[in-house]
Structure formats: structure tokens, C-alpha cells
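>>> 3D model of this:
(one chain, ligands or ions: 1)
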Amino acid sequence: MNKLQIRTLEQYYEKYAQSVSDPEAFWEDVANEFRWMKRWDKVLEWNFTEPSIRWFKGATLNITENMLDRHVSIRGDKQALIWEPNDPHGKTVSYSYSELLDAVCVFANTLKSQGVKKGDRVCIYMPMIPELAIAVMACARIGAIHSVVFAGFSANALADRIEDAQAKLIITADGLNRGAKQIPLKRVVDEALEHVSCVERVIVFDCLGWQPAMKTGRDIWWQDAVEGESKVCEAEPMDAEDPLFILYTSGSTGKPKGVVHTCGGYMVYTAYSFLNVYQYEEKDVFWCTADIGWITGHSYIVYGPLLCGATTVMFEGIPTYPDAGRFWEVIDKYGVNQFLTAPTAIRSLMAFGEDHVLSYSLNSLKIIGTVGEPINEEAWNWYHLHVGKGRCPVVDNWWQTETGGIMISGIGDISPLKPTFAGYPLPGIQPVLLNQEGREIEGADEEGYLCVKFPWPSILRTTYGDHERCRVTYFSHYDGYYFTGDGAKRDENGMYRIIGRVDDVINVSGHRFGTAEIENAINMSNLVIESAVVGYPHPVKGQSIYAFVVCEQEVPEDKQIQARGEIVETVVAEIGKIAVPEKIQFVSGLPKTRSGKIMRRILRKIAEGDTSNLGDTSTLLDPFVVDEIVENAL
Ligand code: WT7
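As a prediction, the model looks like this:
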């Protein structure tokens, strides 16, 4: 694998040029470093019109063989996974590569015994405990398609995802630890299952020693189910283009869609990007603080690091428990060398002052990363100075659930640093900036729509059960391009700066929501006729949600707190706490065009507190609603 590492800026330019002039030869070289059961007949076959994208056509492999078996003979006793519990005095759990292979095989056999077959969908709704990673890999081992749902989603959101994927089995736990709180999970699963009928089995990991109700014939304890299962489980031969997993993500319209990633390309790209962006060396300890419920956790806690034979840290808790020094304490405890977190976490820790971070040495750190949302200059500087002590490069990783792996980023300590700029495209990635007319912008310092004009191995293949939706969402805006939904700028050296979403997607603390999705949830409240939500800048969360709500009856001042409470409750029930609007303003009407389209541009300005120039409002159906909204803005 080390052969794949770029070591100098010159090498980066050389590799990049090669990856563009002959992408097939380039990716074939990379793919040669993995274990395949059968080699490919063709490296790449593609078009962006259907779209149809096939990497390593005709090849078979199993990704877990590459993550586990392949390493056992050379680094079997090396720590593969280190787990840090929520409670700082709790017991650390660690798995060597050999132990992890055994655990994955035992659970893979368990899944088989519970009736799971290749191609079946398995929904995983779990705490951040090692068993989550084990469950993910056990699915991959037998060719079941995992769909991990973040354990902060509500019963309704979970039910939608189970239903859409037609999952047959669910893996969950009695409950989870999150800072000082404990959250029931099994109860949420029970509630979700009242609405769906495809689920035959629920495996429940006993995490907290609670005794939730178990439904006879459906529910079984993990600890009982694994009893007597063998440590040997042949890896299922998978076609390179067989689905590996589904991960639901929000877009500007409709319900969240299931992004589908496939075995071969995802393997090649997550490993390649991990190795290069983090310049991983054999003895390093890598820590990504994301939750495995999001793509970052899939690609850079589980798949990427283990494919590279790395030691990966998994953390159950939160950055501020028991205090705002927790991240730094854990870095010193394990001698973490590469650290990856989100801007929102950095900003929230900044607010607690420097003392927490200054009491730890952080000497082991070499490279520190940020991911999930644009990072502002102040947070970048704080991170660089206090965490990186001015000596560790900050790598800003731009990518998406749909891209599977990091696309634009600093590359270890090789590429130049420029605060708020994500950096260069990785080899194999061909980004472009398009103008309104869909023409490529060549010059520097101009803003455009960020698109990609050539496939890379971990590009999404479809949206589960609805290929047309995949085409319309990502491949129909501009002919021949994958559209990211982001706006970006490029400087004279070819470095990219991501500006943020140009569609109706809001990024709250690195979590993505569609405005339509939140509006639908708000509209479920009996009080509400219609609503419009927009994002507005928030000092810690990046963006926050502002809802303009029209109610059946005017809500008098003294009833507003109660009405807000009801709306919040509805959003919590429909999506989860993470999607609750920070501000809810009751309005008598929404600014709409004559054709009925909500003018979000105006609402966005009002939410930002910038009402000096709302632009032309004369085309609105009722221009006077704007005055009223401005007057009562929160
Ligand atoms: C959206 C993707 C990448 C995995 C976590 C989020 C925004 C992501 C950055 C960054 C600026 C970023 C984009 C993107 N985003 N990383 N480094 N700088 N913006 O994955 O939920 O699929 O969200 O997050 O807007 O489109 P996601």
C-alpha cells in the first residue's frame, strides 16, 4: 500500500497529471495493491447520462478480506480498533487485527443463522460501540447491504429508512451513553416497527443492562445470538459493482434518499484517499471523531483506515464531556498522530477558552483535519495554533455522502496551507466550476457551481430503488457533469475554496437537511398550515434553522411559547432533535411569486438580519407580507 503514497508536491502534480491523461491506467495501478478474488476485465465503463458507472468490471472481491484477512499474517497483533468509552474512567476496549477478524466472522455467522443472505438489507441503529463497526463489517463479509442510521434520528425517520430499503433485520442496543445522558434505542426501534412490516428480526446488544421489552419470535439479544457461532466465515465473493451499503442523506427535495456505494470502487478510493490525505505510517494512531452513522464514519473510521492496516480510534462520547478538554485528553492518552473533526466541534470548544487545550501536550499529532462544512478563518487559526501548535498542517477535507471519499483537500504536510481553502483535488478527481449557463469557468477568483466531469471509483452509483432520482438530482443540471450542490472559488494556483450550498440544503453542525424535509415535518403539526425554512449563519453550528410558520389561527403573544413547543415536538418526532429550528416566527403569509413559489432569497435575508436591501418585491403576490415579516423578525 505504501507504494500508493504521494510524498512530495512534485509527485502530486505528476500523479495528478497521469490520473487525468490516463485514468484507467492510474486506477489500475492503485487497484493492484488490493486482494481480488478475480481480476477485472475492464477498469472503467461509464456515462453520466443514464448515469451508468462501472469500475473494475467483472472483478470479484470481498472488502473485509482486504480490511482484515490480508493484514492478519503481517500485522495480526497490531491494534486495529481502539475504543474510548463515554466515561473517561470506563474501560478501554481494543481489538487486534486477528481479534477483529474473529469477532467479525462470529457475527457474520450469527447473521447467517438469523436468516440474512447476500443482497438482503440490514439496518443498523446503534451506539458508537465496537459492535457497530463489527456489525458493519459482518454485513460486508456475507454480502448483506448495510444501512446505518444515525442513532439520533427519531422513530419516524428510522421507519422511513427501514421501509425504503426493505430491511429484513435490525441491529440495535438497549440504549446509548451520550455525555451525561442515556438514550433509549430499543424503544425507538419498537416504535418505528409499528409502522413497517418488512422486518423479521431485531438483534439487541445489551449495552446498558436495561431490560427493554423483547418481542417473542422477533427480538433476540446479541449476546445470546452469537453463542456457539464459529470464528471462521468465508468471505462472500462480491462483484465489484455489487452494492456494499446504502446511506440516507437529505437533498433539496422530498424525503432523504439512499445513496448506494459499491464494493470495488469504494474500497479503492477510501483507502487511497486515507493514505494520502493523512500520510498514514505503519505505527500511527488515527482518530476521526465522526459518528459511524454518517459517511465520514463509514469511510474514515471503519473502511479507509482498516483497509490500510491502520490503528483507528472510535469514541463513544462527546467533545464536552466531562469537560471541554476531552478530545485533547484522548489524543494524549493514545498518542494520536492524525486527528479529524468538524468545524462545529472546533468552534464549540473555542468558546470554552484555551485553558482546556493548553493543559495537554498534543505532541503526538502530525496532521489535523476538518470536515463537513466550511471552516471560518478564526476557527482555522485556533485549530492550527492551539491544537496543531502551529506545526501540524490543517487538512480541510471537502467531499459528500455521494462522493464516498475526500475529493478536495490538503494532502498531508505536502501541499501548501491556505486558511479557509480546502485545497487541491486528489489525483483522479476532475472538478470544474460552471457559470449560470453551464460553461466552464477558466479564470481565477471567480465563483461557480462546483461539478465533477469524470468519474472516480467511489462516486455514488444510484439512489436506492429510484435511479431516476439519482439522475435528476446529480446528473441533469449540467449535461455531462456530476453536480455537487456546492458553490466554490478557485485561486490562481488552482486551490479551491468551498463557499457552501447553492441549493435548498442547510448544513447544521455538519448535518445536512433539506428545507422541504423540515417544512414537511413542521407542517405535520395540527397548528400549521404552511411553513418555509431557511438557514442563517450561526457562530457555532455554522448554520441554524429559521422557520417562518403560517398557522390556522393567528397565534397571540401569550400563546407563542406553547405553539413553538408543539412545533418543536413535531420536528423531534418526525426527524430528531438535530433538525429543530432555532427560531420560529409566526407570520400571516409567506412571500410568494404569482406562480406560488416561495421567495426564499427574501426570507434568507430576513433571517440573516439583513433587511436593508431585499431586492425587488413588486413581483410578489402580496408584497405587504414582507413588511410584516421584517417588522416581527426574531
Ligand atoms: C456537504 C456534504 C463530507 C462528509 C461529511 C458531510 C459540505 C463537507 C466540507 C468542507 C466546506 C463542506 C458541503 C457538501 N461540506 N465538507 N471541507 N468545506 N463544505 O457529508 O452530509 O454528505 O454533506 O457538506 O456543502 O456538499 P454530507
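>>> How far away from the center of its chain is the helix ranked longest in the chain?
Ordering each helix of the chain by length in residues (DSSP state H) puts helix 97-113 first. Helix 97-113 sits 25 Å away from the centroid of its parent chain (Cα atoms, centre = their mean, to the nearest Å).
>>> Kindly state the domain boundaries assigned to this protein.
Following automatic domain parsing, one finds the domains of the chain at 92-236, 507-631.
>>> wait, which of those domains is closest to the ligand?
The ligand sits nearest to domain 507-631 of all the domains of the chain, at 3.9 Å, using Cβ to the nearest ligand atom. (C-beta placed from N, C-alpha, C; glycine too.)
>>> what's the distance between that closest one and the middle of its chain?
Distance of domain 507-631 from the chain centroid (Cα atoms, centre = their mean) equals 26 Å.
>>> Also stretch 68-88?
Put simply, stretch 68-88 sits 23 Å off its chain's centre (Cα atoms, centre = their mean).
>>> which regions of this structure lie under the pLDDT threshold?
Across the chain, nothing is flagged by pLDDT under 70.
>>> Near the ligand, which residues of it are found?
Applying Cβ under 6 Å from any ligand atom, we find that the chain lies next to the ligand at 249, 294-296, 371-374, 396-401, 422, 484-486, 498, 500-501, 507, 510, 512.
>>> one more time with 8 Å, if that's ok
249-250, 290, 294-296, 342-343, 370-375, 396-403, 406, 408-409, 422, 484-486, 498, 500-501, 505, 507, 510-512 (Cβ under 8 Å from any ligand atom).
>>> what's the host helix or strand of Val202 packed up against?
Per DSSP states H and E, Val202 falls inside strand 201-205. Under the contact definition 3 or more Cβ pairs under 8 Å, 6 or more residues apart in numbering; DSSP states H and E, strand 201-205 sits against strand 169-173, helix 186-193, strand 219-221, helix 222-225.
>>> Return the most buried member of these.
Neighbour counts (mean count of other Cβ atoms under 10 Å) averaged over each of the helices and strands packed on strand 201-205 peak at strand 169-173, with a mean of 27.
>>> What pairs with it, parallel or antiparallel?
Partner strands and pairing direction for strand 169-173 (DSSP bridges) are strand 121-124 (parallel), strand 201-205 (parallel).
>>> Which among the domains of the chain is found nearest to Asp445?
Closest of these to Asp445 is domain 507-631, at 22.4 Å (criterion: Cβ to Cβ).
>>> Can you measure across the closest one, start residue to end residue?
From its first residue to its last, domain 507-631 covers 27 Å (Cα to Cα, to the nearest Å).
>>> what's the answer for stretch 308-328, then?
25 Å.
>>> Flag every buried residue along the one helix or strand Gly448 maps to.
Per DSSP H and E: Gly448 is located in strand 447-452. Within strand 447-452, the residues that count as buried by 16 or more other Cβ atoms under 10 Å are 448-452.
>>> Could you measure from Lys489 over to the ligand?
Using Cβ to the nearest ligand atom, to the nearest Å, Lys489 is found at 12 Å from the ligand.
>>> So the residue nearest to that residue when sequence neighbours are not counted, which state does it fall into?
Once flanking residues are discounted, Lys489 sits nearest to Arg497: 4.7 Å by Cβ to Cβ, 6 or more residues apart in numbering. Secondary structure of Arg497, reduced to three states by DSSP: H, G, I helix; E, B strand; the rest coil: strand.
>>> cool, and the one 3 residues further on?
In three-state terms, and counting by three-state DSSP, Gly500 is strand.
>>> Excluding chain neighbours, what is closest to it?
Pro374 (5.7 Å).
>>> Could you say which helix or strand holds the one you found?
Pro374 belongs to no helix or strand, assigned by DSSP H and E.
>>> can you count the residues close to it?
Other residues within reach of Pro374, judged by other Cβ atoms under 10 Å, total 22.
>>> How about the contacts made by it?
Pro374 is in contact with 343, 420, 498-500, 542, counting by Cβ atoms under 8 Å, 6 or more residues apart in numbering.
>>> Repeat the analysis, applying 10 Å as the threshold.
343, 380, 396, 398, 420, 422, 486, 488, 497-501, 507, 542-543 (Cβ atoms under 10 Å, 6 or more residues apart in numbering).
>>> on that earlier part again, pull up the gap between the residue nearest to Lys489 and Glu447, please.
9 Å (Cβ to Cβ, to the nearest Å).
>>> Show me whatever sits in contact with both of those two.
Joint contacts of Arg497 and Glu447 (Cβ under 10 Å, 6+ apart) are 487-490.
>>> Just those residues: which are in strands?
Secondary structure from DSSP state E places 487-490 of the shared contacts of Arg497 and Glu447 in strands.
>>> will you turn the residues you listed into CSV that also has neighbour count?
Below are these laid out as CSV (neighbours: other Cβ atoms under 10 Å):
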residue, neighbour count
Gly487, 17
Ala488, 24
Lys489, 18
Arg490, 23
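>>> what lines up beside the helix or strand Asn397 falls within in the sheet?
In this structure, Asn397 is located in strand 394-397 according to DSSP H and E. Strand 394-397 has the following strand partners under DSSP bridges: strand 367-371 (parallel).
>>> Would you map the strands across the stretch 51-200 of the chain?
Taking DSSP state E, counting those that start in this stretch to define them, one finds strands in the stretch 51-200 of the chain at 52-57, 60-61, 79-84, 93-96, 121-124, 145-148, 169-173, 175-178, 181-184.
>>> can you tell me which of those comes nearest to His538?
His538 sits nearest to strand 175-178 of all these, at 21.3 Å, using Cβ to Cβ.
>>> Can you point out the buried residues in the closest one?
Within strand 175-178, judged by 16+ other Cβ under 10 Å, the buried ones are 175-178.
>>> show me where the stretch 1-150 of the chain has helices.
9-21, 23-31, 63-64, 70-75, 97-113, 130-142 (DSSP state H, counting those that start in this stretch).
>>> winner for burial among those helices?
By mean count of other Cβ under 10 Å, those have helix 63-64 as the most buried, with a mean of 27.
>>> what's that helix in contact with?
34-35, 70, 100-101, 104-105, 108, 136-142, 233, 235-236, 238, 244, 263-264, 266-268, 270-271, 303, 306-307.
>>> show me the contacts for the nearest residue to Ala488 once chain neighbours are set aside.
Setting aside the residues directly before and after it, Ala488 is nearest to Leu450 in space (Cβ to Cβ, 6+ apart), at 4.1 Å. Taking Cβ under 10 Å, 6+ apart, we find Leu450 in contact with 398, 407-408, 431-434, 481-490, 496, 498-499, 502.
>>> What are the boundaries of the helices in the stretch 151-300 of the chain?
Under DSSP H, counting those that start in this stretch, the stretch 151-300 of the chain gives helices at 155-165, 186-193, 222-225, 263-277, 295-297.
>>> between those helices, which one is nearest to Val625?
Closest to Val625 of the helices of the stretch 151-300 of the chain is helix 155-165 (Cβ to Cβ; 31.3 Å).
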